[in-house]
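> Below are the sequence and a predicted model for it; my questions follow.
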Amino acid sequence: MNHDTQAKKREIVEFFLKNGVLVSSELLVKMDDEDNLEKFKKIIDKINLSGLMIINEDIAKILAELSESETINWLEMEQSKALSEKGKANTYSQFLEYITKEKNSNLNAENEKNAEDKFPVKIVYSYEGELKKWTTEDFVEHFNARYNAIEKMLRKRQDMKNLMSINRIKSKREKEDISMIGMTNGKDITKNGNLIIRLEDSTGEIKVIVNKNKPDLFQEAKTIVEDEVIAVQGVSSNGVVFVNNIIWPDIPLNAEMKRCDDDCYALFLSDLHVGSKTFLDEEIMKFIKWINLEIGDEKQREIAEKVKYIFITGDLIDGCGIYPGQEEDLSIKDIKLQYEECARYLSMIPHHIKIIICSGNHDAMRLSEPQLPLYKDYAEDIYKLPNIISVSNPALLNIHAKEGFSGFDVLIYHGYSFDYYIASVDSIRNNGGYDRSDLIMKFLLKRRHLAPTHGSNTYIPDPKSDALVIENIPDFFCTGHIHRTLIANYRGITMINASCWQSMTEYQKRRGHLPEPARVSAVNLKTREARVIKFTK
């Protein structure tokens, strides 16, 4: 051994002695590398070695991979080593094995976290309202909150000139061009065939008249439903307004279709109805095999490989007691067992794919909207899945944001109000009804509300805000409920009504409603191109 090597090893020993630690002879033999001294100096500086007496090869390996935040019970480790050397126990090797497993577990968890960070899902809004007894005043404040929110949208319109309150307009006797904002409170047809709409704001109520001789305006006015907030432009005279134009809060015309720079997909499903005798087990298993790259042609497998997000917009189970005699239609008659079975299917989807779910009218919760996220007491097995994100109905989420890209805002709503507007709005009912979910979704986006009419859904009159107001303009608007598939665009928003996984029920037969089951809507987030993949027999 030359003089330089001896001096170096003496320096190493002295360094560790100053820190109250001895170096084993077998480790000292391997300390010839010039980098080792500096490396171990840094380890001693950052790691708490309290209780450690001797550094051997095993401990040196642990130290080299130990982070500053990690701690080890060195005293227990020393004691286990001593017992092993005396032949009294073999705890030392078990101790080393435990530390290795723990570090690998932490590493895997960190890798999963990093993978999650690449495809983030941020909950922008999910309702978490308080439980209380609602009063008449709460209903009043609820509608005031809605009015104020939508009024702000309308006031931003550049064409809103000469804006006046209803009370002020009613006091005018001379003809004057005016603009006004009000909440609708009914409409009627006059003997002459003109349309009268009653509008109200915080100052009063007024009648506005739409003349039948303005056919385009007249047809638009006929689509107005009760309790929506609109703006009217026209001429006032003796407390009556003759309408020249109707303005809805709507989506701005200059909205652009947002795209990301990497090639990945989001899938949209709805209405699984697990537990129903008409649940399509074979078809959903075909979907699961496809998403696991086990079936499909080359193009379909390529899509499956790039899926990062799956949205399921409600009715995960068929529920119990949803309608009279439902028990005769159920293959699983216990709600918790229905959710357990649903979780079994969802667990077969690769865990790197985020699954975002909201509740629907068949799920085990209150029917009143906004509905809270799935109740954990019933859906415990679903919450155990590592890739599940459960939100309220409706909810707003942001996906795929990264540095330099704000991500996509996705508005999800089960769609319970759809039935009302299909039945009540002529322009929807006479142009396809249930077959034209795009007309319903456009109708609601135009009004910036998911259920503007009091009778179109059961709702919670939260006095602080109306959760069904569409305040933020989404990039995607996805719904379900009517068991049919349709993809369309409206002013830069991709509208998706997702398919179901249940064949036709007796109820649907009686109503002449034809479902389109077992279809998945797939959207490429880079191109915003959408396609429907069928998993029917």
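Everything's here; your move. The structure presented is a predicted model; accordingly, all values stated were derived computationally and were not measured.
> tell me the contacts of F139?
With contacts defined as C-beta atoms under 8 Å, 6 or more residues apart in numbering, F139 is in contact with P461. Yep, even glycine has a C-beta here, placed from its N, CA and C like the rest.
> pLDDT wise, what is it at?
F139 carries a pLDDT value of 93.
> Which of the helices or strands spans it?
F139 is part of helix 136-155, with elements assigned from DSSP states H and E.
> Now that helix: buried residues?
138, 141-143, 145-147, 149-151, 153-154 (16 or more other C-beta atoms under 10 Å).
> Can you name the next helix or strand after that helix?
Counting by DSSP H and E, the next helix or strand C-terminal to helix 136-155 is helix 166-170.
> Kindly spell out which helices and strands sit in contact with that next one.
strand 176-189, strand 195-201, strand 204-210 (3 or more C-beta pairs under 8 Å, 6 or more residues apart in numbering; DSSP states H and E).
> Alpha carbons only: can I get the helix holding F139 in PDB?
Taking Å, rounded to 0.1, in the frame of the first residue of the first chain, the C-alpha atoms of helix 136-155 are listed here in PDB:
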ATOM      1  CA  THR A 136     -89.000  30.500   0.900                       C
ATOM      2  CA  GLU A 137     -86.300  33.100   1.300                       C
ATOM      3  CA  ASP A 138     -83.800  30.600   0.000                       C
ATOM      4  CA  PHE A 139     -85.800  30.200  -3.200                       C
ATOM      5  CA  VAL A 140     -85.900  34.000  -3.700                       C
ATOM      6  CA  GLU A 141     -82.200  34.400  -3.100                       C
ATOM      7  CA  HIS A 142     -81.400  31.500  -5.400                       C
ATOM      8  CA  PHE A 143     -83.300  33.100  -8.300                       C
ATOM      9  CA  ASN A 144     -81.700  36.400  -7.500                       C
ATOM     10  CA  ALA A 145     -78.200  34.800  -7.600                       C
ATOM     11  CA  ARG A 146     -79.100  33.300 -11.000                       C
ATOM     12  CA  TYR A 147     -80.400  36.600 -12.300                       C
ATOM     13  CA  ASN A 148     -77.300  38.500 -11.200                       C
ATOM     14  CA  ALA A 149     -74.900  36.000 -12.700                       C
ATOM     15  CA  ILE A 150     -76.500  36.000 -16.100                       C
ATOM     16  CA  GLU A 151     -77.200  39.700 -16.000                       C
ATOM     17  CA  LYS A 152     -73.500  40.300 -15.800                       C
ATOM     18  CA  MET A 153     -73.000  38.300 -18.900                       C
ATOM     19  CA  LEU A 154     -75.600  40.300 -20.800                       C
ATOM     20  CA  ARG A 155     -74.300  43.700 -19.600                       C
END
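> from the middle of its chain, how far away would stretch 423-443 be?
Computed by C-alpha atoms, centre = their mean, to the nearest Å, the chain-centroid distance of stretch 423-443 equals 25 Å.
> helix, strand or coil for the residue positioned nearest the centre of the chain?
In the chain, the residue lying closest to the centroid (C-alpha atoms, centre = their mean) is L397, at 4.4 Å. Three-state assignment for L397 (DSSP: H, G, I helix; E, B strand; the rest coil): strand.
> Which is the succeeding secondary structure element to the lowest-mean-pLDDT helix or strand in the chain?
Lowest on mean pLDDT, DSSP states H and E among the helices and strands of the chain sits helix 91-118, with a mean of 53. Using DSSP H and E, the helix or strand that follows helix 91-118 towards the C-terminus is strand 121-126.
> Looks to me like K509 is in a helix.
Yes - assessed by three-state DSSP, K509 belongs to a helix.
> Could you give the number of residues near it?
10 (other C-beta atoms under 10 Å).
> per-residue pLDDT, it?
Looking at K509, its pLDDT stands at 74.
> do the same with K30
Looking at K30, its pLDDT reads 57.
> In the stretch 301-450 of the chain, what residue spans correspond to helices?
335-346, 380-383, 418-424, 426-429, 437-447 (DSSP state H, counting those that start in this stretch).
> Of all these, which one is nearest M183?
Comparing the helices of the stretch 301-450 of the chain by their distance to M183 (C-beta to C-beta), the top pick is helix 437-447, with 11.4 Å.
> Neighbouring strands - and their directions - for the helix or strand just after that closest one?
From helix 437-447 onward toward the C-terminus, using DSSP H and E, the following helix or strand is strand 476-479. Under the criterion DSSP bridges, strand 476-479 sits next to strand 408-412 (parallel), strand 493-497 (parallel) in its sheet.
> Contacts only, for the residue nearest to N185 when sequence neighbours are not counted.
What sits nearest to N185 in space, not counting adjacent residues and going by C-beta to C-beta, 6 or more residues apart in numbering, is R198, at 4.4 Å. Counting by C-beta under 8 Å, 6+ apart, R198 makes contact with 184-187, 205-208.
> Over stretch 394-401, what's the mean pLDDT, rounded is fine.
Stretch 394-401 comes out with an average pLDDT of 96.
> Can I get that stretch as CSV, trimmed to CA atoms?
Output in CSV follows, covering the C-alpha atoms of stretch 394-401 (Å, rounded to 0.1, in the frame of the first residue of the first chain):
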residue,chain,number,x,y,z
PRO,A,394,-73.0,19.1,-12.8
ALA,A,395,-69.2,19.8,-12.4
LEU,A,396,-66.4,21.6,-14.3
LEU,A,397,-63.0,20.0,-14.7
ASN,A,398,-59.8,21.0,-16.3
ILE,A,399,-57.7,18.3,-18.0
HIS,A,400,-54.3,18.0,-19.6
ALA,A,401,-52.9,21.4,-18.5
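> So the protein: which segments form each domain?
Domain ranges of the chain: 3-117, 119-125+252-534, 157-247, per automatic domain parsing.
> need the ones you listed in TSV with distance to K132, can you?
Below are the domains of the chain laid out as TSV (distance: least, C-beta to C-beta, whole Å):
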stretch	distance to K132
domain 3-117	36
domain 119-125+252-534	10
domain 157-247	23
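> mean pLDDT lowest for which of those domains?
Among the domains of the chain, domain 3-117 carries the lowest mean pLDDT (a mean of 60).
> was I right about P350 contacting E294?
No - shown here, P350 and E294 do not form a contact pair, counting by C-beta atoms under 8 Å, at 11.4 Å.
> Tabulate the buried residues of helix 136-155 (JSON lines), appending distance to M164.
Formatted as JSON lines, the buried residues of helix 136-155 follow (distance: C-beta to C-beta, whole Å):
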{"residue": "D138", "distance to M164": "30"}
{"residue": "E141", "distance to M164": "25"}
{"residue": "H142", "distance to M164": "26"}
{"residue": "F143", "distance to M164": "21"}
{"residue": "A145", "distance to M164": "23"}
{"residue": "R146", "distance to M164": "21"}
{"residue": "Y147", "distance to M164": "16"}
{"residue": "A149", "distance to M164": "21"}
{"residue": "I150", "distance to M164": "18"}
{"residue": "E151", "distance to M164": "13"}
{"residue": "M153", "distance to M164": "18"}
{"residue": "L154", "distance to M164": "13"}
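> Check those for the minimum pLDDT and say which it is.
When the buried residues of helix 136-155 are compared by pLDDT, D138 scores lowest at 91.
> how close does it sit to D201?
Distance, D138 to D201, by C-beta to C-beta, to the nearest Å: 20 Å.
> Could you do M180 as well?
Noted for M180: a distance of 8 Å to D201, by C-beta to C-beta.
> deepest of the helices of the stretch 301-450 of the chain, which one?
Highest mean neighbour count among those (mean count of other C-beta atoms under 10 Å): helix 437-447, with a mean of 22.
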